[in-house]
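> okay, here's the prediction I keep looking at, along with the sequence it came from:
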Amino acid sequence: MKRIYLDNAATTALDPLVLEAMMPYLTSHFGNPSSIYSYGRESRMAIENARKSVAKILGAHPAEIFFTSGGTESSNTAILAAVRDLGCKHIITSQIEHHATLHTVEYLQDCGEVSLSYVKLLSDGHIDLDDLEKRLSESKEKCLVTLLHANNEIGNILDIHAVGDLCEKYNAIFHSDTVQTVGHFPFDLRNTLIHFITGAGHKFHGPKGIGILYVNENVKIKPFIHGGAQERNLRAGTENVYGIVGFAKALEIATINFEKDSAYIRSIKLYMLEQLKQHFKQISFNGDPLGKSLYTVLSVNFPKSEKSEMLLFNLDINNICASGGSACTSGADTGSHVIRSINNNADQVTVRFSFCKHNTKEEIDIVIEKLKEII
């Protein structure tokens, strides 16, 4: 039986067209982009063309796009720079951020570099914007607001324009982890009040190990990784040329096909939601699945029983790949901090199903049948 892959929020399959664009830089065009002879110039040209392409798609200036190893490095760079270079002494975040953000801000608090506060969550898992404004207005120190654009476990989407307006009003720096939305939604960064966003190629059918950090041109920061003068002195280290080419190509494909693919993937998500409701009486959904939510993510709570406790394991035996909350910590299954924060119910087992353009309704039908057998 072929595997059914429903964990696309963790990573996606590499698009064959992306691999094709990358291949020359894995084979014949192997020059170091810092070298001045022809091999090096080919690689340099590829990087700068990719940067222009990414910037154009995101509505940014090429000088605002920096290539990194992925979302985690990008968020670390932005948060540390906001504190150490931009004078932020108070960080406002939420309890349901990705660990790339949470562990970084906790580290800075432990080092005594910042005070840390968590904005309240509404019952559906959305950020309480009134509470955010209250915290900003009461802060005696310059604030960094760092909030996910879309939650990787429950799919809730933040109104980044509303948060950007608040940050401007109170002279705060705004960083958003946009790893789940770059390549899935259109951006117009020129008309968005935001200082830093992040992206990761492997979330939209690009390669792993490549990401971006957008740094608004009005902000000047120092490097997080020191050494050479790569990435206009912001990130030392020989560039991941084939990764950069792959990132740009994947973003280009995602943008061209956005209308068609997003409508199709949303239909798969809604089909699964309806089938689950029809066949399982005591289930519930986390977040705001039919409202401001990723079209790619569905977080489902099943009643806890002897059978459902081993649900992920049993799905895996049946060649169905899904995750219990967030896959970025798989292996150390301590449960999900996100689910605990919004729905701390010990009598439920949570599974995140996440979809892409390759999934089909036939696959969903098979998964529903298997779930009926298992539960």
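All right, it came through fine.
> which residues of the protein fall in helices?
Along the chain, counting by DSSP state H, helices occupy 16-26, 38-58, 71-84, 99-110, 129-138, 160-169, 230-233, 241-256, 258-279, 311-317, 337-342, 361-374.
> kindly reformat those helices as a markdown table containing mean pLDDT, mean neighbour count and distance to His149.
For glycine as for every other residue, the C-beta is placed from the backbone atoms N, C-alpha and C. A markdown table is the format used below for the helices of the chain (pLDDT from 0 to 100; neighbours: other Cβ atoms under 10 Å; distance: least, Cβ to Cβ, whole Å):
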| stretch | mean pLDDT | mean neighbour count | distance to His149 |
| --- | --- | --- | --- |
| helix 16-26 | 98 | 16 | 23 |
| helix 38-58 | 98 | 18 | 13 |
| helix 71-84 | 98 | 24 | 11 |
| helix 99-110 | 98 | 18 | 12 |
| helix 129-138 | 98 | 16 | 14 |
| helix 160-169 | 98 | 17 | 6 |
| helix 230-233 | 96 | 14 | 23 |
| helix 241-256 | 98 | 24 | 16 |
| helix 258-279 | 98 | 16 | 15 |
| helix 311-317 | 94 | 16 | 27 |
| helix 337-342 | 92 | 20 | 15 |
| helix 361-374 | 97 | 16 | 27 |
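> show me the protein divided up by domain.
Annotated domains of the chain cover 4-12+258-374, 16-256 [automatic domain parsing].
> start to end distance for the last one?
Using Cα to Cα, to the nearest Å, one end of domain 16-256 lies 16 Å from the other.
> returning to what we had before: looking at the helices of the chain, which is closest to Asn286?
The closest of these to Asn286 is helix 337-342. By Cβ to Cβ, the value is 6.4 Å.
> mind saving the C-alpha coords of the closest one as PDB?
What follows is helix 337-342, C-alpha atoms only, in PDB (Å, rounded to 0.1, in the frame of the first residue of the first chain):
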ATOM      1  CA  HIS A 337       2.700  23.400  24.200                       C
ATOM      2  CA  VAL A 338       0.300  24.900  21.700                       C
ATOM      3  CA  ILE A 339      -2.500  22.400  22.500                       C
ATOM      4  CA  ARG A 340      -1.900  22.700  26.200                       C
ATOM      5  CA  SER A 341      -2.200  26.500  26.000                       C
ATOM      6  CA  ILE A 342      -5.600  26.500  24.200                       C
END
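> which helices and strands does it pack with?
Judged by 3 or more Cβ pairs under 8 Å, 6 or more residues apart in numbering; DSSP states H and E, helix 337-342 is in contact with no other helix or strand.
> make 761 the first number, not 1, from now on.
Shifting the count to begin at 761 puts that one at helix 1097-1102.
> counting neighbours, what do you get for Thr958?
Neighbours of Thr958 under the rule other Cβ atoms under 10 Å: 29.
> nearest spatial neighbour of it, skipping sequence neighbours?
Ser834 (3.7 Å; Cβ to Cβ, 6 or more residues apart in numbering).
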